[in-house]
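Trainee: based on what follows, work out the 3D shape:
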Amino acid sequence: CSEKEAQELAAADMRLSEDQIRLMEKTKYFFVFGGKAAHEGKPVPIRIVDSKGFIKVQRGYAMVAKAKAKDYQKEVKRLWEDMAVYQGEMIAR
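Mentor: Reported below is the predicted structural model:
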């Protein structure tokens, strides 16, 4: 499917209008759309749509990072820390 079709699918699945979401990342095989409401670098609802038009991942609270395979461990570690929510003596991830 095209990027526009993928955006339509993601918006409908998130129950948002197309102008309320944005393309966060894309590859040859996937489009990653997220809510526009949050600022860059903040968790947002996301949908990952493949090039065939299937929603592969849906999360209500996520961050997106594109990395090369050789750098994925560093990026996962950064996201792990950035997504930590501190509640008193507990850390929720």
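Trainee: distance from the one helix or strand in the chain whose mean pLDDT sits lowest to the middle of the chain?
Mentor: Least confident element among the helices and strands of the chain, by mean pLDDT, DSSP states H and E: strand 90-92 (a mean of 72). Here strand 90-92 is found 22 Å from its chain centre; the criterion is C-alpha atoms, centre = their mean, to the nearest Å.
Trainee: would you map the helices across the chain?
Mentor: Per DSSP state H, the chain carries helices over the ranges 3-14, 72-82.
Trainee: can you redo those helices as a markdown table with mean pLDDT?
Mentor: Formatted as a markdown table, those follow (pLDDT from 0 to 100):
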| stretch | mean pLDDT |
| --- | --- |
| helix 3-14 | 96 |
| helix 72-82 | 91 |
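Trainee: just those helices: most buried one?
Mentor: Compared across those, helix 3-14 shows the largest average neighbour count, a mean of 17 (mean count of other C-beta atoms under 10 Å). For every residue, glycine as well, the C-beta is placed using N, CA and C.
Trainee: got a list of contacts for that one?
Mentor: 1, 17-18, 20-21, 23, 26, 31, 33, 35, 45, 47, 49, 53, 55, 58 (C-beta atoms under 8 Å, 6 or more residues apart in numbering).
Trainee: could you redo the last one with a cut-off of 10 Å?
Mentor: The contact list for helix 3-14, computed with C-beta atoms under 10 Å, 6 or more residues apart in numbering, reads 1-2, 16-23, 26, 30-35, 44-55, 58, 60.
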